[in-house]
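Asker: build me a model from this:
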Amino acid sequence: MAKYTRLRYDVTQNPLADVVREVLKVDDLEGLAASEWLATRETDQSTPYHKQFYDNFDIVSPAYRTLARHLLGDTVDDVYLQRVPTFRVHLRNSVAVGSWHRDRDFGHDPAEVNYWVPVTRAFGNNTLWIDNEPVHAEYGEVIVFDGANSWHGNVVNDTEISRVSIDFRTLPRSAYQPNGKKSVSYGMPFLLGQYWDVV
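Answerer: Coordinates of the predicted model:
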């Protein structure tokens, strides 16, 4: 079975990278400065870039929801969508995610599907790895994979650029079961109207 599926969208119709540049107030996402320390599981969501993104998510939200509707197509009414996508910055000399993992190990439902959306080039040691295989992707491509049950992570970025991406999850509405668990990235309860939303 394939480890992932590669989808594409038109970046002239949905210029997601431009929106991310706007909220981060930078001209070049690939040129984000190298990190002076190695991110950990506890700090990988703590950069000033993450704060800028989440504090200004209302600016990103329309492009995000448009992209999600495009990617989901006819299944849009059958799933719940992660309300706020997870923002990743893979700075040079650091990592974007502090530990290799399966999402189910952090309370995610095994029925979830992950969508990984780079807004820069993703290659070599700046990219997402699924089951020990680097996944090369260009801006305008989306990698769909079983992040709940597949080992995934990243390695120290020794390329010449920083990688920026978002990722989000969907859950079949038929699998939704309210519980008291919360997401590890930002402590959001896995509940409809909080972590989950209709598309």
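
Asker: wait, what's in contact with Y115?
Answerer: A68, L71, V142, I143, V144, D167, F168, R169, T170 (CB atoms under 8 Å, 6 or more residues apart in numbering). C-betas here are computed from N, CA, C, even on glycine.

Asker: could you do F145 as well?
Answerer: Applying CB under 8 Å, 6+ apart to F145 gives the contacts K3, Y4, T5, V113, N114, W116, I130, H152.

Asker: name the nearest residue to the fourth one, ignoring sequence neighbours.
Answerer: The shortest distance from V113 to any non-neighbouring residue, by CB to CB, 6 or more residues apart in numbering, is to T170 (5.1 Å).

Asker: same deal with the last one?
Answerer: Of all residues not flanking H152 in the chain, I130 sits nearest, at 4.8 Å (CB to CB, 6+ apart).

Asker: hang on, isn't the one you found packed against N149?
Answerer: No - using CB atoms under 8 Å as the test, I130 is too far from N149 to be in contact (11.0 Å).

Asker: looking at the two, which is more packed in?
Answerer: Under the criterion of other CB atoms under 10 Å, the comparison of I130 against N149 puts I130 first, with 20 against 15.

Asker: next one: phi and psi at that one?
Answerer: For I130, the backbone dihedrals (degrees, to the nearest 10) come out as phi -120, psi 120.

Asker: can you offset everything so residue one is 47?
Answerer: With the count now opening at 47, the last piece we talked about shows up as I176.

Asker: pull the contacting residues for it.
Answerer: Counting by CB under 8 Å, 6+ apart, I176 touches K49, Y50, I189, F191, S196, W197, H198.

Asker: roughly how far apart are it and R148?
Answerer: Relative to R148, I176 is positioned 11 Å away (criterion: CB to CB, to the nearest Å).

Asker: what is in contact with the two at once?
Answerer: Common neighbours of I176 and R148, using CB under 8 Å, 6+ apart, are S196, W197, H198.

Asker: can you tell me which of those residues is closest to K71?
Answerer: H198 (29.9 Å; CB to CB).

Asker: in the sheet, who's paired with the spatially most central residue of the chain?
Answerer: Central residue of the chain (CA atoms, centre = their mean): D213, 1.7 Å from the mean position. Residues in a beta bridge with D213, per DSSP bridges, are T132, W162.

Asker: so what's it up against?
Answerer: Contacts for D213 were tallied using CB under 8 Å, 6+ apart; they are P131, T132, R134, N160, Y161, W162, V163, G193.

Asker: next, format those as TSV and append pLDDT and distance to S81.
Answerer: As requested, the contacts of D213 are arranged in TSV below (pLDDT from 0 to 100; distance: CB to CB, whole Å):
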residue	pLDDT	distance to S81
P131	97	22
T132	96	18
R134	96	13
N160	98	24
Y161	98	26
W162	98	21
V163	98	22
G193	97	24
